[in-house]
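S.K.: coords below, sequence missing:
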């Protein structure tokens, strides 16, 4: 386990030990911070698409009707 993974494990364990209202307060603070909320949104978008079939950049441009 890397140092980053170990740190994440400590934070997740602590978060899971919180009561529901306390967890909600943490989420509210994270989402109130513009930089952190953007990171969260980016991570969720990437995770949602992780198992989608990949396509080339040119194919994406073609589907979007963008000229390269």
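M.R.: That came in fine, so what should we check first? Note that the structure is predicted; figures quoted are calculated from it, not measured. Numbering: from 1, shown residues only.

S.K.: Which strand or helix spans the residue nearest to the spatial centre of the chain?
M.R.: In the chain, the residue lying closest to the centroid (C-alpha atoms, centre = their mean) is residue 43, at 2.1 Å. Take DSSP states H and E as the rule and residue 43 turns out to sit in helix 34-49.

S.K.: Quick one: mean pLDDT for the helix or strand following that helix?
M.R.: Counting by DSSP H and E, the next helix or strand C-terminal to helix 34-49 is helix 57-63. Across helix 57-63, pLDDT averages out at 89.

S.K.: and helix 57-63, how far from the chain's centre?
M.R.: Chain-centre distance of helix 57-63: 25 Å, with C-alpha atoms, centre = their mean, to the nearest Å.

S.K.: start at 33 instead
M.R.: OK, 33 is where the count begins now, so the last one is helix 89-95.

S.K.: got the buried residues for it?
M.R.: With burial defined by 16 or more other C-beta atoms under 10 Å, not one residue of helix 89-95 is counted as buried. Just so you know, the C-beta spots here come from the backbone N, C-alpha and C atoms, and that holds for glycine as well.

S.K.: And for stretch 60-77?
M.R.: Judged by neighbour count using 16+ other C-beta under 10 Å, stretch 60-77 contains no buried positions.

S.K.: Other residues contacting that stretch?
M.R.: For stretch 60-77, there are no external contacting residues (C-beta atoms under 8 Å, 6 or more residues apart in numbering).

S.K.: Report the mean per-residue pLDDT for it.
M.R.: Average pLDDT, stretch 60-77: 96.

S.K.: and what of stretch 38-51?
M.R.: Rounded mean pLDDT across stretch 38-51 is 97.
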